[in-house]
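Undergrad: Show me the folded form of this:
(2 chains)
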2 protein chains.
Amino acid sequence: MSILAPQRPAGRPHGPASIGWIGIIGMIALIGMIGMIGGMAGAVPAAAQGARIGAPPAGPPPEGNMPPPTAQMLADEIQETAVSLRDAALKGTKAWSLLSSLTTEVGPRPAGSPGDRLAVAWAVRTLEELGFSNVHTEKVTVSHWVRGEEAGEIVAPYPQRLALAAVGGSVGTPAAGIEAAVVEVAGLDALDHLDAAKVKGKIVFFNTPTDRTRDGTGYAKAVPVRTQGPSRAAKFGAVAVVLRSIGTDSNRLPHTGGLRYEQGLPRIPAAALSAPDADLLAAELAGGKPVRLRVRLGARTLAPAESANVIGEIPGREKPEEIVLLGAHLDSWDLGTGAIDDGAGCAIVVETARRIAELKARPRRTLRVVLFANEELGLSGAEAYAKAHARELPRHVLALESDLGSGRVWRLESRVAIESMGWIRELDRLVFPIGAGSGTNQGDSGPDLGPLASAGVPTVSLMQDATGYFDFHHTANDTLDKANARDLDYNVAAWSAVVYAAAELPGDFGRIKPPPPQH
Amino acid sequence: MSILAPQRPAGRPHGPASIGWIGIIGMIALIGMIGMIGGMAGAVPAAAQGARIGAPPAGPPPEGNMPPPTAQMLADEIQETAVSLRDAALKGTKAWSLLSSLTTEVGPRPAGSPGDRLAVAWAVRTLEELGFSNVHTEKVTVSHWVRGEEAGEIVAPYPQRLALAAVGGSVGTPAAGIEAAVVEVAGLDALDHLDAAKVKGKIVFFNTPTDRTRDGTGYAKAVPVRTQGPSRAAKFGAVAVVLRSIGTDSNRLPHTGGLRYEQGLPRIPAAALSAPDADLLAAELAGGKPVRLRVRLGARTLAPAESANVIGEIPGREKPEEIVLLGAHLDSWDLGTGAIDDGAGCAIVVETARRIAELKARPRRTLRVVLFANEELGLSGAEAYAKAHARELPRHVLALESDLGSGRVWRLESRVAIESMGWIRELDRLVFPIGAGSGTNQGDSGPDLGPLASAGVPTVSLMQDATGYFDFHHTANDTLDKANARDLDYNVAAWSAVVYAAAELPGDFGRIKPPPPQH
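TA: Here you go, the predicted structure:
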């Protein structure tokens, strides 16, 4: 690991990236470290002249760890190239057109489906056409769950049809459906406080709202209802589960997503109701009369199928064996065309690498785009990659994943060796001018990078604004129009600057330990 | 027709309603008419003191006809009661709870369906429970169209399922569906300019956008594609029609709505695509490869069924034979629970009459609430009412209809005898303080009032803000959560003030002629 600082003439402004207070902090730290603070007023970058030297910056304090004093600073050439990549992307990229191609020509591509196979072929063809090297697939065995026909209705007291969707991985019901009385609970804890006698033989209705947040924490907080709720209800003797969709919209379109059955408990069917349908069911229950529900799910899990991670590279100029990994997942749920989840991520990472490859001098390290199989129902693509590349993982210098739609990057989170935080602050400076603040070093690596992070691979997360993401996530509404072309350009701008710098900079990001929590 | 002006002491302010410039104009007109403008500065209402007397008001000019000089002015007692009704409604009404009851306990209620019968029973029960007089049903024969199962898919070049819904009244396809090549047109005119050879044997895809407007004119402009498009395409030899939903949203929820087959032309099936599905189809077409579509509609029209208009009254104190009619329609489309179309209207008119009935002194004239059957597919409830009450129509002093969702009233339109415009300006003054401006005297009477207007019955339209209405209109998304409880209160506020005044004022609104255009 190199921590050599590049030479930088005193007094030269940093260009556009230097307008960030994060950069200013970095400069102050550096100046302090080299013991020259006495006579250096003239050496503070022009953009920092207005700051109170030695005092905290005028903006909010950084949320992350303060950088340790190091000499980690991007050479001017690297910074200038990164900034020019960033600013060129703001003039327009091919990300939208890639996303349009994937959603129009492939559409839904749940793991194991015909669409999944089409998507793999599309990705190979696309990477080859765009001039990637070493384009290939790597076999992944995936779960193969199919939805089948499904329907739900309130039988009594006021019969009404319900818009619902089986939760991914759910078992089906008998062909005639399951009809039972309903018991409503506010969430997992509320269920645990019920008498088992009140649940036994009934359909549990989890009516848990999802908070709208920029960082997706509202979803993270609510989603255990979907993943764990079915088994928790089964433990109490419930015969099925319906849940208010884990989502922030009020459209008549249920949100699917995976569940995890707990070993040793009965596997009961589970379906998500759209928010208005959950409201309707709650309104009937609030009337005080006994409510009966009928749910019919044709869902079933078939034999595991074969799919593939699709990989393409931009080989490194000097250290081709060192890898900066750009990940997204190629699979989607079945209800929509997977535009925001995760067609957008695929488009962002492919377009980022393509643009960097067009530079006169490609970066020192290899860029490896990995379009993972089966993120949605078991992360088997991520596991297969980590296993197949186990010996190579120590040479994965950094990994980044795009899997939160097309919203703009608003924060750079990391999970790198603490000694490398100086480099992270340098990356911060590249994205600060286009709206991204500095985050913590406890960032979420992203679902497909979990196995890599567990193996010590450092990660950077270019956190996207997810304020509107969970309106459409995992629904039939996840279609091309929900992605914003301009926002995609902004993403490519942030990604291309950061990825280029990471692939070019003289140091690295160390190894991370202990392993982060599993995803 | 009486045009006696009530006595009003000079110099007494008008209360809240007097803040409107419309009221000021009325005052100025009156002052001018009675030849007292010379020494009357002290008699101008307090709220008008800042206005430039004799100059145009500071606000925009009125869009409607200027009132002729008359002595039509509400007596203080009437105005005060109207204002107090208005302001009391702003403190909260039962409109939301009525709407919740209808959508929860009845739900979808298309003409002729079991839900339609439930709705009639609900309405009778509700009006009786609320203390209406003369609650009864009046038989209406209604068209009885059923949707059945339906599905659509792009077969080539890139197979994708489509979210679609048969247009109301459409014939079905053979059980196996209709598969054909697609020809896209921007609208009816564009179709007319095509060679018949390019259309024959194909599925015509009308891809016409709907403009978002406050007054619903965007819908009115686009909707002939749905109503006339199928027959226009059939004339060219098309085998089916799909159309971009007439709606302003981008949800994966198609908008249904009625069509009108032209006599003597083949009746071909027609379905609406959700906007994202129309985009997808357009994107495949834009790729330049031949596009084939398969549409399977189980729609069919059964024998006409029996339904009913539901009527309840608040008998008039002095002139019970004179009627102010408050109309809305009880039926809905089948896809949603008919909350905004037209549960909201039902709730508004019922709650308005109920509140007026609670006054110590009920108004001079009878309020008649009519909840019309089958507005959506043939207006047969409206026709039945006009026919059954033909001899009584000359005593319908005014009719008003609520059928544009829960949006607040932003304009008062009328269609009354020109000699009565002074009264309309007085009604304007009642609603101006809660956001409604003055409109024209060429207002749209509303669909269910068409036959009455044709018979000379004057109408007032309390135009609702329809900016968001066509996001949900005629879709599965027309559910309770799409109506806003506070906005419903505002509607009841406007309605109760206007309806009370109309039922109490000493004059009337004349007769209208010639008949307005048919709806």
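
Undergrad: low-scoring stretches of chain A, by residue?
TA: Counting by pLDDT under 70, chain A shows low-confidence ranges at A:1-70, A:514-519.

Undergrad: Can you pull the residues of the stretch 1-150 of chain A lying near chain B?
TA: Contact residues, the stretch 1-150 of chain A versus chain B (Cβ under 8 Å from any Cβ of the partner chain): A:S100, A:T103, A:T104, A:E105, A:V106, A:G107, A:P108. Glycine gets a C-beta too; all of them are placed from N, C-alpha and C.

Undergrad: Sitting in strands, which of the residues you listed do you find?
TA: Within the residues of the stretch 1-150 of chain A next to chain B, no residue falls in strands by DSSP state E.

Undergrad: Out of these, who's the most crowded?
TA: Greatest neighbour count in the residues of the stretch 1-150 of chain A next to chain B, by other Cβ atoms under 10 Å in any protein chain shown, goes to A:T103: 31 neighbours.

Undergrad: secondary structure class for the nearest residue to that residue once chain neighbours are set aside?
TA: Excluding its sequence neighbours, the residue lying closest to A:T103 (Cβ to Cβ, 6 or more residues apart in numbering or on different chains) is A:T337, at 4.1 Å. For A:T337, the secondary-structure state derived from DSSP: H, G, I helix; E, B strand; the rest coil is coil.

Undergrad: what about A:T337, neighbour count?
TA: With other Cβ under 10 Å as criterion, A:T337 counts 29.

Undergrad: same thing with A:W333?
TA: 26.

Undergrad: now do A:L285
TA: 18.

Undergrad: Please identify the buried residues of the strand or helix carrying it?
TA: In this assignment (DSSP states H and E), A:L285 forms part of helix A:275-286. Within helix A:275-286, the residues scored as buried using 16 or more other Cβ atoms under 10 Å in any protein chain shown are A:A275, A:P276, A:D277, A:A278, A:D279, A:L280, A:L281, A:A282, A:A283, A:E284, A:L285.

Undergrad: okay, the residues you listed in JSON lines with distance to A:R355 next?
TA: Listed next are the buried residues of helix A:275-286 as JSON lines, based on distance: Cβ to Cβ, whole Å:
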{"residue": "A:A275", "distance to A:R355": "39"}
{"residue": "A:P276", "distance to A:R355": "43"}
{"residue": "A:D277", "distance to A:R355": "44"}
{"residue": "A:A278", "distance to A:R355": "44"}
{"residue": "A:D279", "distance to A:R355": "46"}
{"residue": "A:L280", "distance to A:R355": "48"}
{"residue": "A:L281", "distance to A:R355": "49"}
{"residue": "A:A282", "distance to A:R355": "49"}
{"residue": "A:A283", "distance to A:R355": "52"}
{"residue": "A:E284", "distance to A:R355": "54"}
{"residue": "A:L285", "distance to A:R355": "54"}
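
Undergrad: Tell me the span between the first and last residue of stretch A:163-178.
TA: Stretch A:163-178 has an end-to-end distance of 16 Å (Cα to Cα, to the nearest Å).

Undergrad: Could I get the contacting residues of A:L191?
TA: Shown in contact with A:L191 (Cβ atoms under 8 Å, 6 or more residues apart in numbering or on different chains): A:V185, A:V199, A:V204, A:F206, A:G229, A:R232, A:A233, A:F236.

Undergrad: which one among those gets closest to chain B?
TA: The nearest member of these to chain B, counting by Cβ to the nearest Cβ, is A:F206 at 18.5 Å.

Undergrad: For the closest one, give me its contacts.
TA: A:V185, A:A186, A:G187, A:L188, A:L191, A:V225, A:G229, A:A233, A:V241, A:V242, A:L243, A:R244.

Undergrad: Most neighbours among these, which one?
TA: Counting neighbours by other Cβ under 10 Å, A:A233 leads the contacts of A:F206 with 30 neighbours.

Undergrad: my guess is it meets A:V241, correct?
TA: Yes: using Cβ atoms under 8 Å, A:A233 makes contact with A:V241 at a distance of 4.9 Å.

Undergrad: which residues are in contact with both of those two?
TA: Each of A:V204, A:F206, A:I268 lies in contact with both A:A233 and A:V241 under the rule Cβ under 8 Å, 6+ apart.

Undergrad: Which helix or which strand is home to the first one?
TA: In this structure, A:V204 sits in strand A:203-206 according to DSSP H and E.

Undergrad: so after that strand, what's the next helix or strand?
TA: Sequence-wise, the next helix or strand downstream of strand A:203-206 (DSSP H and E) is helix A:217-222.

Undergrad: Just checking the distance from the first helix or strand past that next one going along the chain to the centre of its chain.
TA: Downstream of helix A:217-222, the first helix or strand assigned by DSSP H and E is helix A:224-235. Its chain's C-alpha centre and that of helix A:224-235 lie 24 Å apart, by Cα atoms, centre = their mean, to the nearest Å.

Undergrad: could I have helix A:224-235 exported to PDB, CA atoms only?
TA: This file holds the C-alpha atoms of helix A:224-235, laid out as PDB (Å, rounded to 0.1, in the frame of the first residue of the first chain):
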ATOM      1  CA  PRO A 224     -38.200  -7.400   8.100                       C
ATOM      2  CA  VAL A 225     -42.000  -7.700   8.100                       C
ATOM      3  CA  ARG A 226     -41.800  -9.100   4.600                       C
ATOM      4  CA  THR A 227     -38.700 -11.200   5.000                       C
ATOM      5  CA  GLN A 228     -39.400 -12.600   8.500                       C
ATOM      6  CA  GLY A 229     -43.100 -12.000   9.000                       C
ATOM      7  CA  PRO A 230     -44.300 -15.200   7.300                       C
ATOM      8  CA  SER A 231     -42.200 -17.500   9.500                       C
ATOM      9  CA  ARG A 232     -43.000 -15.400  12.600                       C
ATOM     10  CA  ALA A 233     -46.700 -15.800  11.900                       C
ATOM     11  CA  ALA A 234     -46.400 -19.500  11.200                       C
ATOM     12  CA  LYS A 235     -44.800 -19.900  14.600                       C
END
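
Undergrad: next SSE after that helix?
TA: Per DSSP H and E, the first helix or strand lying C-terminal to helix A:224-235 is strand A:240-244.

Undergrad: what residues does that following strand touch?
TA: Strand A:240-244 has contacts (Cβ under 8 Å, 6+ apart) with A:152, A:164, A:167, A:173, A:178, A:180, A:182, A:203-209, A:225-226, A:229-230, A:233, A:268-273, A:275, A:278, A:281, A:293, A:295.

Undergrad: Counting neighbours, what do you get for A:D195?
TA: 8.

Undergrad: And for the one 10 residues further on?
TA: Using other Cβ under 10 Å as the criterion, A:F205 is surrounded by 23 other residues.

Undergrad: Nearest residue to A:K289 in space, please, no chain neighbours.
TA: A:P157 is the one closest to A:K289 (Cβ to Cβ, 6+ apart), at 4.2 Å.

Undergrad: rewinding a little: out of the contacts of A:F206, which is nearest to chain B?
TA: For the contacts of A:F206, the nearest to chain B is A:R244 (12.2 Å; Cβ to the nearest Cβ).

Undergrad: need the contact list for the residue lying closest to the closest one once chain neighbours are set aside.
TA: Nearest residue to A:R244 in three dimensions, chain neighbours excluded: A:A278, at 3.8 Å (Cβ to Cβ, 6+ apart). Residues in contact with A:A278 (Cβ under 8 Å, 6+ apart) are A:F205, A:N207, A:L243, A:R244, A:S245.
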